[in-house]
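Asks: With the sequence up front, the predicted model follows.
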Amino acid sequence: MDYKKMVAQAIANVVGDDLDLNEINEKIEVPKSIQMGDFAFPAFVLAKVMHKAPQMIAQDIVEKIDQTGFEKVEAAGPYVNFFLDKKQFGKEIVSEVLVKKEHYGDQDLGHKGNVTIDMSSPNIAKPMSMGHLRSTVIGNSLAEILKKTNYNPIKINHLGDWGTQFGKLIEAYKLWGNEEDVKKDPINTLLKYYVRFHKEDQEHPELDDEARAWFKKLEDGDPEATRLWKWFREESLSFFMKIYKRLGITFDSYNGEAFYNDKMQPVIDELKEKGLLEESQGAMIVDLSKYDLNPALIQKSDGTSLYITRDLAAAIYRKKTYNFVQSLYVMGNEQSNHFHQLVAVLKEMGDDWADDMHHIAFGLITSGGKKLSTRRGNIILLEEVLDDAVKLAQEQIEEKNPTLENKNEVADAVGVGAVVFHDLKNERLNQFDFDLQEVVRFEGETGPYVQYSHARAMSILRKAGVDENTDLHVEGLNDPDAWETVRMLGDFPSMVKRAVEEYEPSVIAKYAIRLAKAFNKYYAHTKILVDDDQKNERLALVQSVAIVLKESLRLLGVKAPDEM
C-alpha cells in the first residue's frame with residue numbers, strides 16, 4: 001500500500017476544495033523524529049486560502065478527518081501528524097520482503113532502456129591509485145541500482161590508452177628504459193619512467209617536443225611506436241584485471257581511446273561540412289561562445305587529435321551501437337568544462353540526443369589534505385590499500401572470532417568491502433580525506449558495521465533453525481521497539497528510486513547504516529528467541545532485515561558474509 005497516498009487522500013477528503021490531491025501529496029513530510037509520527041502535513045500551506053492561523057487549521061483537520069487505518073492523528077502546532085497502524089503496516093511490509101526476498105524494492109523505471117556508463121578508465125602504464133577508485137565503484141553501484149529499476153546498464157571501461165602521454169612514455173623508455181626491468185615489474189617500472197620524464201622536462205623542455213614527435217609517429221602507425229604501445233597496454237590491462245577481480249567488478253566493453261582512432265576523421269569531416277570548424281593559430285576549433293564556453297580544440301596545429309575529438313567519436317559510436325536512453329560519464333568534478341564542451345559540440349552538430357548525456361561528477365580523495373598526483377609520484381596505490389584493509393580485517397577477526405571458518409574469505413570481503421563502502425557513503429560531490437584505520441572499523445558508520453549487523457541477523461536465524469525456506473507466517477508485531485526497524489524496511493523502495501533519480505549511491509549506503517542502527521537498537525532491547533506467541537513475528541522481522549541489508553550492500557558492490 002502507498003501509505004503516503006493514503007495520508008494525502010484522508011487530508012483531501014477534508015480540504016479538497018482548497019488543495020488538490022497532488023498538491024497535498026507534494027507537501028507531506030516525514031518527521032525527523034519517529035515520536036512525532038510517520039507523516040506530517042504542514043497546515044500553514046492553507047493559511048492564505050482559509051484566512052486562519054495554521055494551528056487552528058491543523059486542529060480543524062484533526063477533528064474532521066477519518067482516522068480509519070491510522071493508530072492516531074493529532075495536531076502539533078501548525079502540523080497534522082499521522083501515526084500509522086503499526087501492526088497492519090508491519091504485517092504488509094515484512095510479508096512483502098519475505099515473499100520478494102532480494103527483489104524487494106525492484107521497480108520498472110527504465111523499461112529495459114540501455115544506459116551506457118563510462119567509468120573507471122585508468123591510464124595505461126600507470127598503476128591504479130585511490131584516485132581511480134571513485135569512478136570505478138560509483139559507476140559499478142549505479143549499474144546495479146539501474147538494473148534494479150529495470151534499466152539495462154552497459155559498463156564501459158574507456159581506457160586511457162592513447163594521447164600525448166604515450167609519446168612521453170615512449171621517449172622516457174627510449175632514454176632510460178630496460179626491457180628486463182619492465183618485464184619483472186611492468187607498472188611500477190613504467191611509472192618511474194613517467195615520473196622521471198616530468199622531472200627532467202622542467203629543465204629540458206625539448207623533451208616535450210620529442211614526446212610529441214613519438215605520439216605523432218604512433219598516430220601514423222610507426223611500427224616501433226605501435227609495438228611499444230601494444231606491449232605497455234597488454235601489461236597494464238593484465239594488472240588492472242587483478243584489481244577488478246578483487247573488487248568483483250566486470251565490464252561490458254574495454255574500448256578505450258585508441259579504439260576511436262579510425263573513427264575521428266569522419267567526425268572532423270562532418271564538423272567541416274557543417275561549417276563548424278574554424279582555424280585558430282594553425283589549430284582547428286569549434287566556437288562555443290553561445291554556450292558561454294571556451295572554444296573546443298578539435299585538432300592541434302601538428303595534426304594530432306585531442307581527448308575531445310576521441311570523446312566525440314565515442315559518443316556518436318555509443319549512440320549508434322547501443323541507442324542509449326541515457327549515457328553516464330562517471331568523471332571527476334574537474335572534468336566539468338570538458339563534458340560541457342563535448343555536449344555543446346554534439347548539439348552544434350545537430351545531435352539533440354546529447355541532452356541524454358549526464359556528467360556524474362565526484363569530488364577528490366585526498367591524503368593528509370593533499371591531492372593525489374601520478375605525475376609527481378604522489379599517489380596511494382589502490383592494490384596496497386586493499387591489501388592493508390584486508391590485513392586490518394584479519395586482525396579484528398582474529399581478535400573477535402578466532403574460530404571462524406573461511407577466515408581469509410571473510411577478511412577479504414570485509415577489507416575490500418570497507419574501502420568500497422567508505423567511498424560510497426560519502427555524497428559523490430564531496431571531497432574526503434582517506435584514513436584506512438577509520439575505514440576498517442567494526443563500529444561506527446562503516447561497511448564492516450553494516451556487514452556485522454547482517455551477520456548478527458543471520459546468527460539469530462541459525463540459532464532459531466530458520467532458513468530461506470522456512471515459512472514464517474506474519475500477523476504483525478505488537479512491539480513498539482520494533483517500529484523504527486519496520487518503518488525503515490518500508491522506506492527501502494523509495495531509497496532505491498531516489499538513488500537512481502539522483503545518481504547517488506550514498507543514498508543506499510546511508511540507508512543501510514540507518515537500518516543497521518535501528519536493528520541493533522531493537523536487538524539490544526528485545527529477547528528475540530523467547531518462546532511466546534510473537535516469536536515468529538520477531539524472527540520474520542530479523543529475516544527481513546537480513547534480506548534488505550544484504551541487498552543494500554549488493555547494490556553498493558559489497559559482499560555480506562553470513563558469519564563474521
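Replies: Nice, thanks for sending it over. Bear in mind the structure is a predicted one, so any value in this text is a computation, not a measurement.

Asks: how distant is the helix or strand harbouring residue 57 from the center of its chain?
Replies: Using DSSP states H and E, residue 57 sits in helix 54-64. Centroid displacement of helix 54-64 relative to its chain, using CA atoms, centre = their mean, to the nearest Å, is 43 Å.

Asks: Run the angle between the helix or strand following that helix and helix 54-64 for me.
Replies: Under the assignment DSSP H and E, the closest C-terminal helix or strand after helix 54-64 is strand 70-76. Interaxial angle, strand 70-76 versus helix 54-64 (axes from the mean of the first three to the mean of the last three CA atoms, to 10 degrees): 160 degrees.

Asks: Give me the helices and strands touching strand 70-76, please.
Replies: Helices and strands touching strand 70-76, as assessed by 3 or more CB pairs under 8 Å, 6 or more residues apart in numbering; DSSP states H and E, comprise helix 54-64, strand 79-84. Where C-beta positions appear, they are placed from N, C-alpha and C, glycine not excepted.

Asks: Compare the ones you listed and report which one is nearest to residue 428.
Replies: Closest approach to residue 428 among the helices and strands packed on strand 70-76 is made by strand 79-84 (32.9 Å; CB to CB).

Asks: what about the strands in this structure?
Replies: Listed in chain order, the strands of the chain (DSSP state E) span 39-42, 70-76, 79-84, 114-119, 152-157, 277-280, 283-286, 296-299, 326-332, 357-362, 365-367, 370-371, 432-433.

Asks: ok so, going back, against which helices or strands is the helix holding residue 57 packed?
Replies: With contacts defined as 3+ CB pairs under 8 Å, 6+ apart, helix 54-64 has these neighbours: helix 3-15, helix 47-50, strand 70-76, strand 79-84.

Asks: what angle do the last one and helix 3-15 make?
Replies: Looking back up the chat, that one is strand 79-84. Using the same axes, to 10 degrees: strand 79-84 against helix 3-15 is 130 degrees.

Asks: Which elements pack onto strand 79-84?
Replies: Using 3+ CB pairs under 8 Å, 6+ apart: strand 79-84 touches helix 3-15, strand 39-42, helix 54-64, strand 70-76.

Asks: cutoff 10 Å now
Replies: helix 3-15, strand 39-42, helix 54-64, strand 70-76, helix 483-502 (3 or more CB pairs under 10 Å, 6 or more residues apart in numbering; DSSP states H and E).

Asks: May I see these arranged in TSV, with mean pLDDT, distance to residue 272 and mean neighbour count as well?
Replies: Listed next are those as TSV, based on pLDDT from 0 to 100; distance: least, CB to CB, whole Å; neighbours: other CB atoms under 10 Å:
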stretch	mean pLDDT	distance to residue 272	mean neighbour count
helix 3-15	94	55	19
strand 39-42	97	59	22
helix 54-64	97	64	17
strand 70-76	96	68	17
helix 483-502	96	40	20
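
Asks: returning to what we had before: would you mind giving the helices and strands packed on strand 70-76 as TSV with distance to residue 280 added?
Replies: Listed next are the helices and strands packed on strand 70-76 as TSV, based on distance: least, CB to CB, whole Å:
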stretch	distance to residue 280
helix 54-64	61
strand 79-84	61
